[in-house]
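*Asks:* requesting a structural model of the entry that follows:
(one chain, ligands or ions: 2)
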Amino acid sequence: MTTATNSIYMVTMSAPTNIAVIKYWGKADTHYNTPINSSLSVTLDQTELRAITTIAVSKQFTKDRFWLNGVEEDELLHSPRFRACIEGVQKLAQDHYDAQGNLIYSKEDWKHLHLHISSYNTFPTAAGLASSAAGYAALVAALCQLYHAVETFPGEFSTIARQGSGSACRSMYGGIVAWRQGTPKQEWRDSKAEPVLEDWPQLRALLLVVSDSKKDTSSTTGMQTSVQTSMLLQYRAQHIVPARLQAMEQACHARDFGTFAQLTMQDSNQFHATCLDTYPPIFYMNDISRQIVRIVTVYNSWAGELRAAYTFDAGPNAVIYCLEQHQQHLAALLCHYFPIPKGALSGLDTSSMALEESLLQACNETGRIPRMGDVQTMYATKPGPGPLVVTDVCNLDPETGLNCYVPSLK
Ligand SMILES: Nc1ncnc2c1ncn2[C@@H]1O[C@H](COP(=O)(O)OP(=O)(O)OP(=O)(O)O)[C@@H](O)[C@H]1O
Ligand SMILES: C[C@@](O)(CCOP(=O)(O)OP(=O)(O)O)CC(=O)O
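*Replies:* Ligands and ions are numbered 1, 2, ... in the order given. Model prediction:
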């Protein structure tokens with residue numbers, strides 16, 4: 001939304017999460033926030049999971065202000081990563097004209113004007129569901145919209161989002177997206193996101209929220225410790241990821257789900273192995289995560305083919321990729337072993353789906369006993385587009401420019 005009421009000019013944008021199938025873990029350069037290996041992810045549809053950011057600018061504002069999920073966050077606003085996003089987009093800013101063609105702000109004006117920013121996530125923040133990816137992509141996308149920024153090379157906006165949070169660069173595009181590692185020359189300009197495949201119409205995902213609490217070890221801190229202490233991580237970055245990424249891209253282009261699934265699970269396993277190889281070790285997956293892995297493994301053996309691919313980020317929550325024709329069956333199986341409260345499965349109805357006796361028998365052998373509450377929520381989703389302009393929501397009051405988003409009570 002773009003409005004200029006009472007000389008407050010504001011825009012609202014939303015951005016998606018993305019869940020990597022070849023993981024980014026480890027920084028080559030902490031200042032530029034660049035990775036020790038390239039990575040690849042699926043940008044998820046924004047219906048259920050998105051960050052929504054409104055930014056307002058006005059000569060009336062006396063300082064920058066930022067609200068996250070309704071709470072003012074001064075420290076985050078002044079953090080180097082947040083400032084890098086604002087200043088990065090300001091460098092690409094253009095003039096702003098009103099509807100009659102009058103110049104309102106010239107591109108030189110922007111850096112003297114204060115911003116009010118309000119953002120919220122429609123899903124748990126800092127719980128290993130890529131809130132930093134959606135959040136920084138929404139911030140950069142909204143700044144680009146506000147400042148009418150223009151890229152000087154393709155992918156430049158993603159290089160700015162990368163400085164907010166590495167994984168955010170991949171949320172600047174829809175579909176399947178690679179983050180190319182890049183090189184230190186020219187301030188890592190080539191460490192940027194690149195769309196690999198716009199659409200894989202049959203691809204689906206189930207997100208199982210095992211815990212929505214803030215994780216103890218943030219990705220930023222965890223990967224720094226891994227870089228310093230894990231020899232396995234160095235080996236992975238140099239000798240495993242390059243070939244695996246190439247194989248993954250080929251599998252995506254061929255829409256070869258079996259290969260995609262195998263590489264996805266192997267890469268998740270290896271990422272968590274590097275966390276264990278870190279000293280002191282980092283445990284992101286928990287017992288419930290491991291039971292999900294077992295059920296998925298049995299499901300694939302029972303089917304005689306790879307129909308489901310689990311992956312875990314820096315937390316216990318599972319993302320399971322599958323194809324459209326198996327999503328309902330798989331969701332019914334997961335809801336059987338990890339029952340969720342009524343209404344906690346968004347986006348899919350599994351009530352009419354019967355499960356085969358032979359499948360249940362094979363899964364029972366894992367020792368999993370269905371227990372309500374081990375999984376709190378399940379989202380059924382699919383790949384989706386990059387950042388979008390929002391016209392029906394605004395997080396700042398158009399009259400005062402102050403936050404007007406109030407989080408709903410659980
Ligand atoms: N909408 C948002 N706008 C701006 N910053 C955000 C937003 N949402 C989250 N963040 C920032 O990202 C941080 C969370 O990042 P972190 O990497 O710890 O968790 P995550 O992104 O949810 O999990 P992961 O990256 O492991 O999937 C928050 O503490 C906040 O600083
Ligand atoms: C496990 C991951 O989700 C790690 C994401 O780490 P972040 O992008 O959150 O880290 P920072 O760059 O320090 O902000 C894997 C991935 O998304 O590739």
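
*Asks:* flag every residue of the stretch 1-150 of the chain that's near ligand 2.
*Replies:* 20, 23-25, 33, 39, 132 (Cβ under 6 Å from any ligand atom). In this view, the C-beta of every residue, glycine as well, is placed from N, C-alpha and C.

*Asks:* can you get me a residue count around the closest residue to ligand 1 within the stretch 301-410 of the chain?
*Replies:* Residue nearest to ligand 1 within the stretch 301-410 of the chain: residue 314 (3.4 Å; Cβ to the nearest ligand atom). Number of residues near residue 314 (other Cβ atoms under 10 Å) recorded here: 26.

*Asks:* lowest mean pLDDT among the helices and strands, pick that one out for the protein.
*Replies:* Using mean pLDDT, DSSP states H and E, the weakest-scoring helix or strand in the chain turns out to be strand 3-5, at a mean of 47.

*Asks:* tell me if residue 295 really is in a helix.
*Replies:* Yes. Looking at residue 295 with DSSP: H, G, I helix; E, B strand; the rest coil, it is inside a helix.

*Asks:* contact residues of the stretch 201-350 of the chain facing ligand 1?
*Replies:* So far as Cβ under 6 Å from any ligand atom goes, the stretch 201-350 of the chain lies against ligand 1 at 218-219, 313-315.

*Asks:* any idea how far residue 137 is from residue 404?
*Replies:* When distance is defined by Cβ to Cβ, to the nearest Å, residue 137 is 23 Å away from residue 404.

*Asks:* likewise residue 172?
*Replies:* The gap separating residue 172 from residue 404 is 27 Å, by Cβ to Cβ.

*Asks:* more crowded one of the two?
*Replies:* Between residue 172 and residue 404, residue 172 has the larger neighbour count (other Cβ under 10 Å), namely 30 against 16.

*Asks:* that one: what's its closest spatial neighbour, skipping adjacent residues?
*Replies:* residue 158 (4.3 Å; Cβ to Cβ, 6 or more residues apart in numbering).

*Asks:* next, the one you found: secondary structure please.
*Replies:* helix.

*Asks:* can you tell me if the host helix or strand of residue 274 touches ligand 2.
*Replies:* Element membership of residue 274, judged by DSSP states H and E, is helix 257-277. No. Judged by Cβ under 6 Å from any ligand atom, helix 257-277 stays clear of ligand 2, getting no closer than 6.6 Å.

*Asks:* run through who's touching that helix.
*Replies:* For helix 257-277, contacts defined as Cβ atoms under 8 Å, 6 or more residues apart in numbering pick out 21-23, 25, 202-203, 222, 226, 229-233, 236, 240, 244, 247-248, 250-252, 281-285, 300, 305-312, 321-323.

*Asks:* can you list the buried residues in it?
*Replies:* Neighbour counts over helix 257-277 (16 or more other Cβ atoms under 10 Å) mark 257, 260-265, 267-268, 270-272, 274-275, 277 as buried.

*Asks:* so which residue of the stretch 51-200 of the chain comes closest to ligand 1?
*Replies:* residue 135 (2.3 Å).

*Asks:* ok, now how distant is the nearest residue to that residue once chain neighbours are set aside from ligand 2?
*Replies:* Among residues not flanking residue 135 along the chain, residue 51 sits closest, at 4.6 Å (Cβ to Cβ, 6+ apart). With distances taken as Cβ to the nearest ligand atom, to the nearest Å, residue 51 is found 13 Å from ligand 2.

*Asks:* can you name the next helix or strand after the helix or strand where residue 51 lies?
*Replies:* Using DSSP H and E, residue 51 maps to strand 50-57. Next helix or strand after strand 50-57 toward the C-terminus (DSSP H and E): strand 65-68.

*Asks:* next structured bit after that next one?
*Replies:* Next along the chain after strand 65-68, taking DSSP H and E as the criterion, comes strand 71-72.

*Asks:* give me the neighbour count for the closest residue to ligand 2 within the stretch 251-400 of the chain.
*Replies:* Per Cβ to the nearest ligand atom, residue 313 is where the stretch 251-400 of the chain lies closest to ligand 2, at 3.8 Å. When neighbours are defined as other Cβ under 10 Å, residue 313 has 25 of them.

*Asks:* ok, now the one 10 residues further on?
*Replies:* The burial metric for residue 323, expressed as a neighbour count using other Cβ under 10 Å, is 18.

*Asks:* show me what contacts the residue nearest to it when sequence neighbours are not counted?
*Replies:* Of all residues not flanking residue 323 in the chain, residue 202 sits nearest, at 4.8 Å (Cβ to Cβ, 6+ apart). Residues near residue 202 by Cβ under 8 Å, 6+ apart: 255, 257, 323-325.

*Asks:* please narrow these to those residing in helices.
*Replies:* 257, 324-325 (DSSP state H).

*Asks:* save the residues you listed as a markdown table, and put in pLDDT too.
*Replies:* Listed next are the ones in helices among the contacts of residue 202 as a markdown table, based on pLDDT from 0 to 100:
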| residue | pLDDT |
| --- | --- |
| 257 | 98 |
| 324 | 97 |
| 325 | 97 |
